[in-house]
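Asks: here's my sequence, what's the structure:
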Amino acid sequence: MLRTSLLSLVFTALFASASSAADGEKTDPDALFQTEYAGDLSEFVWKKRPVIVFADSEFDPAFSEQMEMLRTRPEALMSRDVVVLTDTDPSNLSAMRKKLRPNGFALVIMSKEGRVQLRKPAPWDVREITRSIDKMPIRQLEIREEKERARQ
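Replies: Numbering: from 1, shown residues only. Predicted coordinates:
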């Protein structure tokens, strides 16, 4: 029963991803970055993989380096349903900041299921981020389905 429910959720999420791609959402780099995000992370569950960049200031060198690296290959992130969220104001205790409790600079990669998959205290390049995402179970399923569609 639980397995059937999980598979149903997975296929629903994949269908939603495919339909958003058809709408052109994956090709819009402006939709990739949401600066100073203050919303609830639950809005991304089963839709996007949040990559969250925290810092104590937008002038933090690690924050600047991370954002520069993310902007170099937006297509690699968009093809994996990533949304990049930033928060550089520790005095504003957003729901995201309360939930993830960063200390200074932090890179947090979350799954479509809404779970923290990885935390890094230093900037990571897009290649490392996408490799980490590609190891996630739902992403593995997406890759298999993409290969099947390509064969048809």
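
Asks: got the CA coordinates for stretch 56-67 in PDB?
Replies: Taking C-alpha atoms only, stretch 56-67 is exported to PDB below (Å, rounded to 0.1, in the frame of the first residue of the first chain):
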ATOM      1  CA  ASP A  56      25.200  37.000   6.500                       C
ATOM      2  CA  SER A  57      25.600  39.600   3.700                       C
ATOM      3  CA  GLU A  58      25.200  39.900   0.000                       C
ATOM      4  CA  PHE A  59      28.900  41.100   0.100                       C
ATOM      5  CA  ASP A  60      30.200  37.900   1.600                       C
ATOM      6  CA  PRO A  61      32.900  36.700  -0.800                       C
ATOM      7  CA  ALA A  62      31.700  33.100  -0.600                       C
ATOM      8  CA  PHE A  63      28.200  34.100  -1.500                       C
ATOM      9  CA  SER A  64      29.400  36.100  -4.500                       C
ATOM     10  CA  GLU A  65      31.600  33.200  -5.600                       C
ATOM     11  CA  GLN A  66      28.700  30.800  -5.300                       C
ATOM     12  CA  MET A  67      26.300  32.900  -7.200                       C
END
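
Asks: what sits up against it?
Replies: For stretch 56-67, contacts defined as Cβ atoms under 8 Å, 6 or more residues apart in numbering pick out 53, 55, 86, 88, 90, 104-105, 107, 122-124. Just so you know, the C-beta spots here come from the backbone N, C-alpha and C atoms, and that holds for glycine as well.

Asks: buried ones in it?
Replies: Using 16 or more other Cβ atoms under 10 Å as the test for burial, stretch 56-67 gives 56, 60, 62-63, 66-67.

Asks: so which helix or strand of this structure has the lowest pLDDT on average?
Replies: In the chain, the helix or strand scored least confidently by mean pLDDT, DSSP states H and E is helix 2-22, which has a mean of 43.

Asks: now the helices for the chain?
Replies: Ranges of helices in the chain, per DSSP state H, are 2-22, 29-32, 61-72, 74-78, 95-100, 126-134, 137-151.

Asks: least confident of those helices, on average?
Replies: Ranked by mean pLDDT, these bottom out at helix 2-22, with a mean of 43.

Asks: thanks a lot, see you next time.
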